[in-house]
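Q: 3D, please:
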Amino acid sequence: RLDIDPDTITWQRVLDTCDRHLRVVQVGIGPNEKVTPRSDDPGQPAKPRVQHDRVTGFDITVASEVMAVLALARSLPDLRDKLGAMVVAYSRAGEPVT
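A: Residues are numbered from 1 along each chain as shown. Prediction:
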């Protein structure tokens, strides 16, 4: 289990369009976006559902980190190494998730 802290996700969604209004958006605010937190102990009662929203945004595809790595990679193994080294978030313990 990665135990990702949702507030530390470093990657934004990408689109192949340029719309300045989509640079900062809040997602997960609809009435059906509530999630039940996972319980570590199956014997415990179910936790109440909580809203799972966060502020994020969109980058244009050509400006994404993946496209930069794709342009700079010298070979398929080099591409795999570069993609595998990208930090996408941090765990709740503060460890980088790649």
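
Q: Give me the below-cutoff pLDDT ranges for the chain.
A: Across the chain, the ranges flagged by pLDDT under 70 are 39-42.

Q: any chance you could map the strands in it?
A: 13-15, 25-27, 34-35, 50-51, 54-56, 58-60, 89-90, 96-97 (DSSP state E).

Q: Nearest to P77, out of those?
A: With Cβ to Cβ as the criterion, P77 lies closest to strand 96-97 of the strands of the chain, at 21.8 Å. C-beta here means a position set from N, CA and C on the backbone, and glycine is covered the same way.

Q: Just checking: what are the partner strands of the closest one?
A: In the sheet, strand 96-97 lines up against strand 89-90 (antiparallel) (DSSP bridges).

Q: Could I get the strands of the chain in JSON lines, plus columns for distance to L70 and mean neighbour count?
A: JSON lines is the format used below for the strands of the chain (distance: least, Cβ to Cβ, whole Å; neighbours: other Cβ atoms under 10 Å):
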{"stretch": "strand 13-15", "distance to L70": "13", "mean neighbour count": "14"}
{"stretch": "strand 25-27", "distance to L70": "25", "mean neighbour count": "12"}
{"stretch": "strand 34-35", "distance to L70": "33", "mean neighbour count": "12"}
{"stretch": "strand 50-51", "distance to L70": "36", "mean neighbour count": "12"}
{"stretch": "strand 54-56", "distance to L70": "22", "mean neighbour count": "13"}
{"stretch": "strand 58-60", "distance to L70": "14", "mean neighbour count": "16"}
{"stretch": "strand 89-90", "distance to L70": "21", "mean neighbour count": "18"}
{"stretch": "strand 96-97", "distance to L70": "21", "mean neighbour count": "14"}
